[in-house]
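>>> A predicted structure for the sequence below; I have some questions about it.
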Amino acid sequence: MRWIRPLSAQVAETAETLGGKAHGLVVLHRLGLPVPAGFVITTDACRAYLREGRLPAGLAEELAAAMGGLEAATGREFGGVRAPLAVSVRSGASVSMPGMMSTILNLGLTADAAAGLAAETGDARFASDARLRFLSSLASAITDTDVGGGDGDDATAAGPGGAAARSAEDEGARRADAIEAVQGLVRRLSGAPVPDTAARQLDLAVETVFSSWDTPRARTYRELHGIPPDLGTAVIVQAMVFGNRDDRSGTGVAFSRDPNTGENVPFGDVLFARQGDDVVSGRSPARPLRELADREPAVWAALVDALNRVEGHYRDACYVEFTFEGGELWFLQVRPSRFTGAAAVRAATDLADEGAVTRHEALLRVAPQQLRHVRTPRIAASADADILGRGVGACPGVAAGRIATTTDAALRMAADGPVVLVRPETSPHDMRGLAAAAGIVTARGGPASHAAVVARAMGKPAVVGTTGLDVAAASVRFGGRTISEGTLVTIDGISGEVALGSPRIATDTAGAHLRRLLEWADDAAGDHSERDDAQRLTAAHAALRQG
C-alpha cells in the first residue's frame, strides 16, 4: 500500500483518504492558487499506526523519497546548513476538528540549520525565533501541554523592524534561555531529548500527530459532534512560509462572507510579522482583515481574487488560512464555511440570487434546527443594563451563567446550572470546559481565534477580545471592577457585550432574507398552512428529497 500522496496530485482522491485539509489544498492547487510544496500521509497510515503502535512498514522509505522530492522542488536541504529547508507538520482529519490535534511548525531547524538560516537571511533574531517556535510547538505536541514560545507570546518583544523593548543582546539571551528551557521540558516530561537530526524530528512529529487523534480533548470533541472514532487523521508536510520573516510578511484567516451576518464582504483577521499559530491562539492581538488592503494592497487583491475563485468552485461561502512572506501570498487551508442562524439564511438566499445555486439548493443548505436561532436574542438597549465590558461578538446568541475561570471550575459549577467560561484565551486543552459552558468570553483573540471557531462549531454564544478584561484564578477584572467567580453574567454574541446579572433580552424579528427563504420553502412543499419556521423548512426538505 502507498502511504503518501503529493498535494499536486491530478488523480482525484477522497477526503476520507487525504483528510479534509489536504483535500482542500489539492483543490487550491488545481485552481492555480499558490500552495507551498508538500505531500500528505494518508489516514490509512494513521489507522495502521493506531492498530500497531508504530509507523507502518514502508512509510519510512516513502517519507525519505517524499522529502527528497520536496528538497528538489524548493532547492533547499532538509536539516542542512546552506539554504535549510523547514517544514510544517499538520493534522487533517476528514471532518473538521479545529485545534483538537497537533501542529508542528518550522520542523528541521536543528541548531546547525538555524545557524544556517541566520547566515542566509542576515537576521539572527528571526532564525532563533523560528527555532524557538519549532521547539515550543514540538514540546506542546509531544507533552500534550500548552507551551508558549516565540516573540508572538510577548507583547513587549521586538517585532521585525518594530520598536524594541529590550536590546538585541537581551533579546538574544532571552530566546537562548527559552530554547534551553523548552528542551529541558521535553527531556523531563517525555524522558527523551529533542532529536538532533531533521529526519528523526520528522519521524517523531508524524507519530505525535497520529497519536493526537486519541488525546482526551480530541475524544471529547468527537463525542460532542458524533464523529466516528476510527477515522484517523492524515498528516500534511509542507515547506514553511514564514509570516514572521519581516515587516512585509504576516498571516491571517479570511471568510469570503461575514460569518456573523452572511453579508457578501471578506471578513477575518490578519497579523503582521507573525506566524499562523499566533492568530489561532489569540495571544497576539489580531487586526481586522481590511487593514491588509492598506498595508499590502497586492496581497489583498490576490486574496480577494482567490476568495471569489474558491466560492465559484464550492458554490458556497468559504474560509481560507493564508500566510504571506515578503509580500508574496500563499494558502494553507480552504473549506466551505459553516455559518449558523441568520448568517446561514442570508448566505443561502444571496447565493441563489447571484445564480451560484438554485433556490432548491439554497433551501437544502439551511438545516431546520438553524431557524430556531435566526430570530436572534440580544441584550436590550436600555439604561438598566449594567455593561461590564465589550469585545467582539464571535457567535450570535445570548448566554447567561455564572463565571467560571478554569475548565475544572466550569465542569464543577455546570452541575448546578449554566456557566460562562471566562479565559484570557482558550486552547484545545480547554475543550471540556468549552463543552460544559453555555457561553464563552476571552480577553484576547479575534473572530478566527480558537475560542471563536470552536464556539461557532458548537453554536454557543461567544465574545472575544474583551477590552480591559483580566482573568485571575477565582475572579475577573473588567476595567476597574473586580467580579468574583460564580457571579451571574449575561453575554451577547452579536454586540460583544458582557452584562452583570440578567438584563432585559429582546428578540429580533424575522428579516427579509428569512421571509424569502420561507416563501421558497412553502412553494417547494406546496403547503402554506400555519406552521413554525422549522416545520415549514422541514416540509420543504422532505418534498425536495422525494422529488
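Arrived safely. Fair warning: this is a prediction, and the values are worked out from it, not measured in the lab.

>>> tell me the phi and psi of Ala400?
The phi and psi values for Ala400, taken as degrees, to the nearest 10, are phi -120, psi 140.

>>> my guess is it meets Leu488, correct?
Yes: with contact defined as CB atoms under 8 Å, Ala400 counts as touching Leu488 (6.7 Å). For the C-beta atoms, the positions are set from N, CA and C on the backbone; glycine is no exception.

>>> Identify the contacts common to those two.
Here Ala400 and Leu488 have Ser502 as joint contacts, going by CB atoms under 8 Å, 6 or more residues apart in numbering.

>>> more crowded one of the two?
The residue with more neighbours, out of Ala400 and Leu488, is Ala400; 21 against 17, by other CB atoms under 10 Å.

>>> So what sits opposite the more buried one in the bridge?
Following DSSP bridges, Ala400 is listed with bridge partners Thr490.

>>> Downstream of the lowest-mean-pLDDT helix or strand in the chain, the next helix or strand is which one?
Sorting the helices and strands of the chain by mean pLDDT, DSSP states H and E puts helix 276-281 at the bottom, at a mean of 74. Per DSSP states H and E, the first helix or strand lying C-terminal to helix 276-281 is strand 287-288.

>>> Can you tell me how far Pro228 is from Ser102?
To Ser102, Pro228 is 20 Å away according to CB to CB, to the nearest Å.

>>> between these two, which one's more packed in?
The neighbour comparison of Pro228 against Ser102 (other CB under 10 Å) goes to Ser102, with 26 against 9.

>>> Surely the more buried one and Ser91 touch.
Yes: applying CB under 8 Å as the test, Ser102 and Ser91 come out as touching, 6.0 Å apart.

>>> shared neighbours, the two?
Common neighbours of Ser102 and Ser91, counting by CB under 8 Å, 6+ apart, are Val209, Ser212.

>>> Quick one: distance of the least confident helix or strand of the chain to the chain centre.
Distance, stretch centre to chain centre, for helix 276-281: 8 Å (CA atoms, centre = their mean, to the nearest Å).

>>> Might you list the low-confidence residue ranges for the stretch 351-500 of the chain?
Residues of the stretch 351-500 of the chain that meet the criterion pLDDT under 70 lie in 373, 383.

>>> swap in the stretch 1-150 of the chain?
Along the stretch 1-150 of the chain, the parts satisfying pLDDT under 70 run over 9-12, 148-150.

>>> how about the helices in it?
15-18, 20-30, 43-52, 59-74, 111-121, 124-143 (DSSP state H, counting those that start in this stretch).

>>> From the contact count, pick out the helices and strands touching the least confident helix or strand of the chain.
strand 103-107, strand 250-255, strand 267-272, helix 450-458 (3 or more CB pairs under 8 Å, 6 or more residues apart in numbering; DSSP states H and E).

>>> Nearest to Gly80, out of those?
Gly80 sits nearest to strand 103-107 of all the helices and strands packed on helix 276-281, at 13.7 Å, using CB to CB.

>>> Next, the buried residues of the closest one.
Residues of strand 103-107 classed as buried under the neighbour-count rule (16 or more other CB atoms under 10 Å) are Thr103, Ile104, Leu105, Asn106, Leu107.

>>> Check stretch 20-32 too.
Quick answer for stretch 20-32 (16+ other CB under 10 Å): Gly20, Lys21, Ala22, His23, Gly24, Leu25, Val26, Val27, Leu28, His29.

>>> Alpha carbons of stretch 271-279, as PDB, please.
Extracted in PDB, the C-alpha atoms of stretch 271-279 (Å, rounded to 0.1, in the frame of the first residue of the first chain):
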ATOM      1  CA  LEU A 271      -1.300  39.700  11.900                       C
ATOM      2  CA  PHE A 272       1.800  41.300  10.500                       C
ATOM      3  CA  ALA A 273       5.200  39.800  11.200                       C
ATOM      4  CA  ARG A 274       3.700  36.800  12.900                       C
ATOM      5  CA  GLN A 275       3.000  33.100  12.200                       C
ATOM      6  CA  GLY A 276      -0.300  31.300  11.900                       C
ATOM      7  CA  ASP A 277      -0.400  29.900  15.400                       C
ATOM      8  CA  ASP A 278      -0.400  33.500  16.700                       C
ATOM      9  CA  VAL A 279      -3.800  34.100  15.100                       C
END
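
>>> A strand includes Gly393, no?
Yes: membership of Gly393 in a strand is supported by DSSP: H, G, I helix; E, B strand; the rest coil.

>>> Distance of it relative to Ala462?
For Gly393, the distance to Ala462 - CB to CB - is 8 Å.

>>> about what we covered before: would you turn the buried residues of stretch 20-32 into TSV with distance to Met431?
Output for these, formatted as TSV (distance: CB to CB, whole Å):
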residue	distance to Met431
Gly20	19
Lys21	19
Ala22	24
His23	25
Gly24	23
Leu25	26
Val26	29
Val27	29
Leu28	29
His29	32
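
>>> Tell me the one among the residues you listed nearest to Gln370.
Taking CB to CB as the measure, Gln370 lies nearest Gly20 of these, at 21.4 Å.

>>> Next up, the contacts around the closest one.
When contacts are counted by CB under 8 Å, 6+ apart, Gly20 touches Gly92, Ala93, Ser94, Val95, Ser96, Arg335.

>>> again with Ala57
Counting by CB under 8 Å, 6+ apart, there are no residues that Ala57 touches.

>>> helices or strands up against the longest helix seen in the chain?
Looking across the chain with DSSP state H, the single longest helix is helix 168-190. On a contact count with 3+ CB pairs under 8 Å, 6+ apart, helix 168-190 meets helix 124-143.

>>> And the helix it packs on, what's buried?
By 16+ other CB under 10 Å, the buried positions in helix 124-143 come out as 124-142.

>>> for the record, mean pLDDT for stretch 217-232?
Taken as a whole, stretch 217-232 has a mean pLDDT of 90.

>>> May I see the buried residues of it?
By neighbour count on 16+ other CB under 10 Å, the buried set for stretch 217-232 is Arg217, Ala218, Thr220, Tyr221, Arg222, Ile227, Leu231, Gly232.

>>> repeat for stretch 396-411
For stretch 396-411, by 16+ other CB under 10 Å, it's 396-407, 409-411.

>>> nearest to Phe478, of the residues you listed?
The shortest approach to Phe478 among those belongs to Ile403, at 10.7 Å (CB to CB).

>>> So that closest one is in contact with Gly486, correct?
Yes: the pair Ile403 / Gly486 is scored as a contact, 6.4 Å apart, by CB under 8 Å.

>>> From start to finish, how long is stretch 321-339 in a straight line?
Its start and end residues considered, stretch 321-339 measures 17 Å (CA to CA, to the nearest Å).

>>> typo on my end, it should be stretch 88-106
Stretch 88-106: ends 6 Å apart by CA to CA.

>>> Other residues contacting stretch 273-281?
Taking CB under 8 Å, 6+ apart as the rule, stretch 273-281 contacts 99, 103, 105, 133, 137, 150, 152, 159-162, 242-247, 249-253, 269-271, 284, 286, 321, 323, 332, 425, 427, 445-446, 448-450, 453.

>>> repeat that with 7 Å
Contacting residues not belonging to stretch 273-281 are listed as 99, 105, 133, 137, 152, 159-160, 243-244, 246-247, 249-253, 269, 271, 284, 286, 321, 323, 332, 425, 427, 448-450 [CB atoms under 7 Å, 6 or more residues apart in numbering].

>>> do the same with stretch 382-393
With contacts defined as CB under 7 Å, 6+ apart, stretch 382-393 is touched by 260, 379, 446-447, 463-469, 478-479, 481, 483, 489, 492-501, 503-504.

>>> now the residues you listed: which count as buried?
Using 16+ other CB under 10 Å as the burial test, those include 260, 379, 446-447, 463-466, 469, 478, 483, 489, 492-500, 503 as buried.
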